[in-house]
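*Asks:* Predicted structure and sequence below. I'll ask about it afterward.
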Amino acid sequence: CILERVTETKSTNDDLLARWRAGELIDPVARIAHNQTAGKGRAGRAWLANPEDSLCFSLAFPFKRTPAQLSGLSLLVGLAVVDGIAQACDLSEVELQTAGLRLKWPNDLLLNNSKLGGILIEGGQAKPNDPTWMIIGIGINLRNAEMIEANLDGGLKVGALSQLTKSVPDIEYLWLKVIASLERHLAEFDLHGFKPCQERWMQWDAYRDQSVCISGAGKDPIYGTANGVDENGALLLQQDNKTIAIHAGDVSLRIQS
């Protein structure tokens, strides 16, 4: 894929979305910014990061699948990022799990229940038979978790790669390893969908078998026990004698306190 490096931009996701809307995307593009002045999280929230302390980039990738056939994509991206981190840090998956690395449905990386990274996916299909272009934004905290946490409101706990490994990889090296992993995983996903990754994702599931609350989208909170995901990446929520599937939208998942 094409690699683009810029010193500063508002949002790498917005940069690539604008190109997609203008019909200017031809090949996959990965765009990294040293400093994003208006980085985005989910649901229009701001993504706060200090330039030296985080990796923030976006990847525009064309799928042969329609948007409706991309369910589970954010979970697959999480697995790809884990692989990239493992390679860049020269750590095995067992070592990463022992250190507390987990994936939170549908699109966060956690380190001992603190937020290590986030995934934001936007895009779509301009017209029938066109490729489906998805803009995948990824942010990973590298170091100085306390400083990032201090700049956030809402009491979110923040983790950083420096808490996982003594030798945090160079940003450029980590970026290239994560991109290589993404290209491999996304190509497989385009062929086979999420189903082959279902069991593997559940091995990383931060909230498996825990009592959780799902809120958002202007609806009443839903309570139950997280019971993994189905072959489409929907969260399976056990309630008394029934299981309901929650599809990723603008919903928030948290442990019941």
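*Replies:* Yes, it's here. All of these numbers come straight from a predicted model, not from anything done at the bench. Residues are numbered from 1 along each chain as shown.

*Asks:* Quick one: the helices in this structure, in order.
*Replies:* For the chain, applying DSSP state H gives helices covering 12-21, 73-89, 93-98, 145-150, 171-192, 198-203.

*Asks:* between those, which one is nearest to Leu55?
*Replies:* helix 171-192 (5.4 Å; C-beta to C-beta). Quick note: C-beta positions are derived from backbone N, CA and C, even for glycine.

*Asks:* Please tell me how far the closest one is from the chain's geometric centre.
*Replies:* Distance, stretch centre to chain centre, for helix 171-192: 12 Å (C-alpha atoms, centre = their mean, to the nearest Å).

*Asks:* same for that helix, what does it pack against?
*Replies:* strand 29-36, strand 54-63, helix 73-89, strand 132-141 (3 or more C-beta pairs under 8 Å, 6 or more residues apart in numbering; DSSP states H and E).

*Asks:* Local confidence estimate at the most centrally placed residue in the chain?
*Replies:* When C-alpha atoms, centre = their mean is applied to the chain, the residue found nearest the centroid is Ile119 (2.6 Å). Predicted confidence (pLDDT) for Ile119: 95.

*Asks:* May I have the phi/psi pair for the nearest residue to it once chain neighbours are set aside?
*Replies:* Counting by C-beta to C-beta, 6 or more residues apart in numbering, Ile119 lies nearest to Asn107, which is 4.0 Å off, once chain neighbours are set aside. Main-chain dihedrals, Asn107, degrees, to the nearest 10: phi -160, psi 40.

*Asks:* So Asn107 sits against Leu73, correct?
*Replies:* No. Asn107 lies out of contact with Leu73 (C-beta atoms under 8 Å); the separation is 9.4 Å.

*Asks:* Noted, bye for now.
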